[in-house]
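Chemist: got a structure for you, letters missing:
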């Protein structure tokens, strides 16, 4: 029997976005992977059903994870590293993990698959990302400034635990650093109370999101009455938004590239053991 020709691939699994300006984050991740892994094909999937519906209505349909992996099987991929671009191990990550597990259980499947973990579930990766984000600020924060990372947040209990642990690590890394949530605690009100109580005069606002979509541009940095920047300004705190998605920051992208490298090595090692 003629052995299968080896074909490696990367499947980027992202929540997705409908904001064209935010796509620069995903584009940069793709370029980094092309530079780091020449000859390894890339595919993308969107894990948010809501985003997929909106993209389809706009004439830009995107495969769900199961469809994307099935298509890669049909294209004769032999090893696929599935890189999760989720921050937490919430519902969408859980569904992605179930899909990958189902592919692994398929009888007669010649495509080996490995899934990477969500960013905030690995303390070493999150600590490394925080160091990168602090270095990304356009100027050094003052001793009495706050550096506020704003995440979407989640109602999922497991994601909530992960976010809480990530928030605690922020204060360990730098006492000025806070992880806050648009949905969940600590939210905007808690951030304002903390800043006012501590006499903070300037608050750096950074989206803790892979891409800087509408939430980052409007809800965090926008001029609307309820944006984070506007509420902080009314409380006497100068907001300093730095609106970049994590995918636009090379040092954070490097973390994901290192993870892909580990996944591909894991798949190679597994294949050699079977032989």
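Modeler: Now that the structure is in, tell me what you want to look at. From a predicted model like this one, the values you see are computed outputs, not experimental measurements.

Chemist: number of nearby residues for the nearest residue to residue 56 once chain neighbours are set aside?
Modeler: Leaving aside its chain neighbours, residue 56 sits nearest to residue 62 (7.7 Å; criterion: C-beta to C-beta, 6 or more residues apart in numbering). Any C-beta I mention is one placed from the backbone N, CA and C, and that applies to glycine too. Other residues within reach of residue 62, judged by other C-beta atoms under 10 Å, total 17.

Chemist: shouldn't residue 62 be in contact with residue 44?
Modeler: Yes. With contact defined as C-beta atoms under 8 Å, residue 62 reaches residue 44; the gap is 7.1 Å.

Chemist: can you show me the strands along the chain?
Modeler: Applying DSSP state E to the chain gives strands spanning 8-14, 41-46, 79-84, 112-115, 146-153, 177-183, 202-207, 238-241.

Chemist: out of these, which is the most enclosed?
Modeler: Comparing those by mean neighbour count (mean count of other C-beta atoms under 10 Å), strand 79-84 ranks first with a mean of 25.

Chemist: returning to what we had before: with distance to residue 130 and mean pLDDT added, can I get the strands of the chain in JSON lines?
Modeler: Below are the strands of the chain laid out as JSON lines (distance: least, C-beta to C-beta, whole Å; pLDDT from 0 to 100):
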{"stretch": "strand 8-14", "distance to residue 130": "21", "mean pLDDT": "97"}
{"stretch": "strand 41-46", "distance to residue 130": "27", "mean pLDDT": "97"}
{"stretch": "strand 79-84", "distance to residue 130": "19", "mean pLDDT": "97"}
{"stretch": "strand 112-115", "distance to residue 130": "24", "mean pLDDT": "96"}
{"stretch": "strand 146-153", "distance to residue 130": "8", "mean pLDDT": "96"}
{"stretch": "strand 177-183", "distance to residue 130": "7", "mean pLDDT": "95"}
{"stretch": "strand 202-207", "distance to residue 130": "11", "mean pLDDT": "96"}
{"stretch": "strand 238-241", "distance to residue 130": "18", "mean pLDDT": "96"}
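
Chemist: distance to residue 33 added to those, as a markdown table?
Modeler: Shown next, in a markdown table, are those (distance: least, C-beta to C-beta, whole Å):
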| stretch | distance to residue 33 |
| --- | --- |
| strand 8-14 | 6 |
| strand 41-46 | 6 |
| strand 79-84 | 8 |
| strand 112-115 | 15 |
| strand 146-153 | 24 |
| strand 177-183 | 27 |
| strand 202-207 | 22 |
| strand 238-241 | 28 |
